[in-house]
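Peer 1: Got a predicted structure here, sequence first:
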Amino acid sequence: MYAFSYERPSSLADAARLTAGGAKPLAGGQTLLASMKLRLTQPERIADLGGVKELSAIRKEGANLVIGAMTRHADVGSNAEVKSTFPALAYLASHIGDRQVRALGTIGGSVANNDPAACYPSALLACGATVVTNQREIGVDNFFKGLFETALQDGELIIAVRFPVPTRAAYEKLRQKASNFPLIGVFVAQLSGGPVRVAVTGGGNGVFRHNGLEDALTRSFTPAAAQAVRIDSTGLSSDLHATAEYRANLISVMAQRAVAKALA
Ligand SMILES: Cc1cc2nc3c(=O)[nH]c(=O)nc-3n(C[C@H](O)[C@H](O)[C@H](O)COP(=O)(O)OP(=O)(O)OC[C@H]3O[C@@H](n4cnc5c(N)ncnc54)[C@H](O)[C@@H]3O)c2cc1C
């Protein structure tokens, strides 16, 4: 480590003032602290959001579920409201990383970080969620910009994520055994009988929608309809964990499993 100043604001106004002045927000530190130890990032000032109580609420707002940025994965996974109104999200959160990661990692940190294999971005994209910041509201279709990039401006703080609650939805991933990050994760969602949206994570430089699966599943919401869609491996990642062709096959298999689960 190296020298940096640490502040722990207790109100959103103070946190926003600090980050506007150049302090780096610290959520659970699950990515940020490791990045600092590796010197991938060297912030001079840290603003720990852990003391800002209003960032940790989960609440139902009409047809939406609003989850505060500092809500830990373990709390989303075990929350009674989330489990009853949006079980697919509770399942996703309770299968992130391991127990330690879920105890500290947050939805805001995950979304701001936009790791190309993170689970939450697929839920946001499939549901058409909105990222609420201290400056504006950003529709998810304009939020994720590619590898570890988002539409957030310097100093802008995520306050919450607002999910329209889908009528049916499910998430399935094949996890890397060492980390539990998905090799491929697929989130399938349908809102009020409207078109089906399918978001894929772990496949490339960031989360993306799969138009072929969306069209097929909007016509017929069945595992067979997903199976009939040919998944092109062009552009998918190939690395020591899996080839692009293997990932393409996983997209098909995870989509079929997710649809079967959403129908169960
Ligand atoms: C071993 C391990 C396994 C993991 N497995 C999975 C997995 O299976 N699936 C998965 O999806 N993720 C996984 N993760 C990621 C983890 O769940 C966290 O979501 C992620 O590391 C972000 O951590 P954090 O919330 O503590 O944010 P931090 O590390 O504190 O912050 C991350 C980034 O977000 C910024 N930030 C934080 N909060 C805000 C905010 N409110 N507004 C603006 N910017 C903000 C920070 O400045 C920093 O740049 C894993 C991590 C580890 C270490």
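Peer 2: All right, it came through fine.

Peer 1: Return the residues of the stretch 151-264 of the chain in contact with the ligand.
Peer 2: Contact residues (CB under 6 Å from any ligand atom) of the stretch 151-264 of the chain with the ligand: L152, L157, I158, S179, N180, F181. Quick note: C-beta positions are derived from backbone N, CA and C, even for glycine.

Peer 1: Which single residue of the stretch 1-150 of the chain ends up nearest the ligand?
Peer 2: Closest residue of the stretch 1-150 of the chain to the ligand, CB to the nearest ligand atom: G109 (2.1 Å).

Peer 1: could you dump the helix or strand harbouring that residue to CSV, C-alpha only?
Peer 2: Per DSSP states H and E: G109 is located in helix 107-113. C-alpha atoms of helix 107-113 as CSV (Å, rounded to 0.1, in the frame of the first residue of the first chain):
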residue,chain,number,x,y,z
ILE,A,107,-24.6,-3.6,-5.9
GLY,A,108,-23.3,-0.1,-6.4
GLY,A,109,-19.6,-1.2,-6.4
SER,A,110,-20.4,-4.0,-8.8
VAL,A,111,-22.3,-1.8,-11.2
ALA,A,112,-19.8,1.0,-11.1
ASN,A,113,-16.9,-1.4,-11.6
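
Peer 1: Give me the residues contacting it.
Peer 2: For helix 107-113, contacts defined as CB atoms under 8 Å, 6 or more residues apart in numbering pick out 25, 27-28, 30-32, 49, 55, 67-71, 73, 76, 93, 96, 118-121, 124, 131, 143, 148, 150, 152, 158-161.

Peer 1: wait, is A169 part of a helix?
Peer 2: No - A169 is assigned strand when assessed by DSSP: H, G, I helix; E, B strand; the rest coil, not a helix.

Peer 1: per-residue confidence for M1?
Peer 2: On pLDDT, M1 comes in at 62.

Peer 1: ditto for the one 10 residues further on
Peer 2: Listed pLDDT for S11 reads 97.

Peer 1: So which of the contacts of helix 107-113 belong to helices?
Peer 2: L32, H73, V76, A93, Y120, P121, L124 (DSSP state H).

Peer 1: Counting neighbours, what do you get for the residue of the stretch 1-150 of the chain closest to the ligand?
Peer 2: G109 has 25 neighbouring residues, counting by other CB atoms under 10 Å.

Peer 1: and the gap between the residue nearest the centre of the chain and P166?
Peer 2: The centroid of the chain falls nearest to Y120 when counting by CA atoms, centre = their mean (1.7 Å). From Y120 across to P166, the span is 15 Å (CB to CB, to the nearest Å).

Peer 1: From the residues of the stretch 151-264 of the chain next to the ligand, list just the buried residues.
Peer 2: Buried members of these, scored by 16 or more other CB atoms under 10 Å, are L152, L157, I158, F181.

Peer 1: of all those residues, which two lie farthest apart?
Peer 2: Using CB to CB, the two most remote members of those are L157 and F181, lying 25.2 Å apart.
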